[in-house]
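K.L.:
got a predicted structure here, sequence first:
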Amino acid sequence: MWKRLSVIWLAVRGDAKRLWYALGHPESPGWLKAGAAALVLYLVSPIDFIPDMLPVIGVLDDLVIVPLALRWLLARLPAHIRTYAEQRAGGARPTDGWTGRTVR
């Protein structure tokens, strides 16, 4: 299981950071939290669409489903939350779009 998670982490590292910061935003929608929880449950669940016992195909479905689900969640974020998450993931301090002040 750890090998599977490490391979998936290498594939989705940037998107996972953006999702993490979007979840930390005070105005993050409830559907985002539910979607992120469902994605984590899918990753750690022993039940998959294609069992991991099959040598290559079992991990390959996770390498396709998880990044697609991450991108789908991130694409549906409101613009100000997406901007906030991208700034935080890039290492910059996020600013308020209206005043230009730094936001915590």
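P.N.:
On my side now, so go ahead. As the structure is a computational prediction, the values presented were derived from the model and not from experiment.
K.L.:
C-alpha only now, for contacts and for neighbours.
P.N.:
OK.
K.L.:
quick check: which ranges of this structure have low pLDDT?
P.N.:
In the predicted model, the chain carries pLDDT under 70 at residues 1-2, 4-5, 7, 11, 49, 52, 92-104.
K.L.:
let's see that with 90 instead.
P.N.:
Scanning the chain for pLDDT under 90 picks out 1-16, 40-67, 88-104.
K.L.:
helices and strands around the longest helix along it, which ones?
P.N.:
Secondary structure of the chain read by DSSP state H shows that its longest helix is helix 2-24. Secondary-structure packing of helix 2-24 (3 or more CA pairs under 8 Å, 6 or more residues apart in numbering; DSSP states H and E): helix 30-44, helix 57-75, helix 79-89.
K.L.:
and stretch 13-25, what's buried?
P.N.:
Asp15, Ala16, Lys17, Arg18, Leu19, Trp20, Tyr21, Ala22, Leu23 (16 or more other CA atoms under 10 Å).
K.L.:
still on that earlier bit, redo the helices and strands packed on helix 2-24 as TSV? Include mean neighbour count.
P.N.:
Listed next are these as TSV, based on neighbours: other CA atoms under 10 Å:
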stretch	mean neighbour count
helix 30-44	14
helix 57-75	16
helix 79-89	19
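K.L.:
so can I have a markdown table of those helices showing distance to Pro51?
P.N.:
Listed next are the helices and strands packed on helix 2-24 as a markdown table, based on distance: least, CA to CA, whole Å:
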| stretch | distance to Pro51 |
| --- | --- |
| helix 30-44 | 12 |
| helix 57-75 | 5 |
| helix 79-89 | 33 |
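K.L.:
sounds good, over and out.
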